[in-house]
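A.B. asks: Would you be able to build a 3D model of this:
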Amino acid sequence: MRIILITGISGSGKSVALNALEDAGYYCVDNLPPRFLPQLATYLADAGQERLAVAIDARSSASLDEMPAMIRDLSGRHDVRVLFLNASTQSLIQRFSETRRRHPLSGSTAHDADVGLLTTLEEAINRERELVAGLAEFGHQIDTSNLRASVLRAWVRRFIEQERNGLALMFESFGFKRGVPLDADFVFDVRTLPNPYYDHELRPLTGRDQPVIDFLDAQPVVHEMTGDIQAFLVKWLPHFRDDNRSYLTVAIGCTGGQHRSVFIAETLAARLADQVNVIVRHRDAPLDINETSKPPT
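C.D. replies: Next comes the predicted model:
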């Protein structure tokens, strides 16, 4: 059975992800105490269920310490994947303020030994980061700070469509003006490259449009930087495979996340597609390419 565990920070989009998985045919459970996960997996597998998605967060703080061992145990019998959703503290505070929802750890009382007395929203968020930090290393991370719900749903669909076959290399383009993605393992800054933005005809396009591709492809310095990044990844990918990593996120950043970073992310994905499973996503480019982006062939 394929099991998707959704975890991370409250307010980062776990409900959106769980709904996307339900639409994809998964049997979904929200806020399951971790200690019941093995029994649920066994029960559903015996009943013929092939897909299970479970959201686990700080509301189960008392048993979160059990999760790493449980994930390793379940992985011996099922195809287990962990999706860790994160967001900046500023984004989370804004979301809780707009929805007027209460953070799960807000107002915790002193008799709760696992949490303690938390009087502010920021304290609750920071405490939750501590509680779930150990789960981040087990799976694929998505920073939802600047994502629309529709983009997150598209990224979740792409995550579950990816075949589990060793290491998956994620190329994510972004714009520095909106901050560096929290989920990045490596960040490469390509703002020194010639910028199509200053050409009025190229400005409304993206790095997937042929005129922008032709512009950047004609710049020797673009090829030099792309080659350097490629050489670095080719050299170190075997070491990440040996470390049993499932996902490695390489973030490519330019000023706005629309032209140079998109082009280089797509180019690197195409060049490395025959060596490793690749996924491409574009955080700050127009919505249509977030929905449809695939490495070119």
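
A.B. asks: Please count neighbours and contacts with C-alpha atoms only from this point.
C.D. replies: Fine.

A.B. asks: tell me the domain ranges of this structure?
C.D. replies: For the chain, the structural domains run 2-161, 168-292, going by automatic domain parsing.

A.B. asks: Using JSON lines, lay out those domains together with mean pLDDT and mean neighbour count.
C.D. replies: Shown next, in JSON lines, are the domains of the chain (pLDDT from 0 to 100; neighbours: other Cα atoms under 10 Å):
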{"stretch": "domain 2-161", "mean pLDDT": "85", "mean neighbour count": "17"}
{"stretch": "domain 168-292", "mean pLDDT": "91", "mean neighbour count": "18"}
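
A.B. asks: can you give me the helices for the chain?
C.D. replies: Shown for the chain, the helices assigned by DSSP state H span residues 14-23, 37-46, 67-75, 89-99, 121-136, 149-161, 210-217, 220-242, 260-272, 287-292.

A.B. asks: Format the ones you listed as JSON lines; extra columns: distance to residue 29.
C.D. replies: Formatted as JSON lines, the helices of the chain follow (distance: least, Cα to Cα, whole Å):
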{"stretch": "helix 14-23", "distance to residue 29": "8"}
{"stretch": "helix 37-46", "distance to residue 29": "10"}
{"stretch": "helix 67-75", "distance to residue 29": "16"}
{"stretch": "helix 89-99", "distance to residue 29": "23"}
{"stretch": "helix 121-136", "distance to residue 29": "18"}
{"stretch": "helix 149-161", "distance to residue 29": "16"}
{"stretch": "helix 210-217", "distance to residue 29": "44"}
{"stretch": "helix 220-242", "distance to residue 29": "32"}
{"stretch": "helix 260-272", "distance to residue 29": "34"}
{"stretch": "helix 287-292", "distance to residue 29": "26"}
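
A.B. asks: Among the ones you listed, which comes closest to residue 180?
C.D. replies: helix 260-272 (12.6 Å; Cα to Cα).

A.B. asks: For that closest one, give me every contacting residue.
C.D. replies: 171-175, 190-191, 193, 195-196, 206-208, 213, 216, 226, 230, 252-254, 278-280, 282, 285, 294-297 (Cα atoms under 8 Å, 6 or more residues apart in numbering).

A.B. asks: The nearest residue to residue 102 once chain neighbours are set aside and residue 158: what is the separation?
C.D. replies: Distance criterion Cα to Cα, 6 or more residues apart in numbering; nearest residue to residue 102, sequence neighbours excluded, is residue 96 at 7.0 Å. Shown here: residue 96 relative to residue 158, a distance of 27 Å by Cα to Cα, to the nearest Å.

A.B. asks: and what of residue 133?
C.D. replies: 24 Å.

A.B. asks: What of residue 232?
C.D. replies: Residue 232 is 26 Å from residue 158, by Cα to Cα.

A.B. asks: Just give the nearest non-adjacent residue to residue 32, would you?
C.D. replies: Residue 32's closest residue in space is residue 56 (Cα to Cα, 6+ apart), at 6.0 Å.

A.B. asks: Identify the residues contacting that neighbour.
C.D. replies: Counting by Cα under 8 Å, 6+ apart, residue 56 has contacts 5, 6, 7, 8, 30, 31, 32, 33, 34.

A.B. asks: So which of these belong to strands?
C.D. replies: 5, 6, 7, 8, 30 (DSSP state E).

A.B. asks: any idea which of those is the one closest to residue 152?
C.D. replies: Nearest member of these to residue 152, counting by Cα to Cα, is residue 6, at 13.0 Å.

A.B. asks: Verify the contact between the closest one and residue 58 for me.
C.D. replies: No - judged on Cα atoms under 8 Å, residue 6 makes no contact with residue 58 at a distance of 11.9 Å.

A.B. asks: How much space separates residue 23 from residue 16?
C.D. replies: In terms of Cα to Cα, residue 23 sits 11 Å off from residue 16.

A.B. asks: intersection of neighbour lists for the two?
C.D. replies: Counting by Cα under 8 Å, 6+ apart, nothing touches both residue 23 and residue 16.

A.B. asks: And for stretch 4-17, what's in contact with it?
C.D. replies: 18, 52-58, 80-87, 92, 95-96, 103-104, 125, 128-129, 132, 135-136, 144-145, 149, 152-153, 156.

A.B. asks: With that, I have no additional questions.
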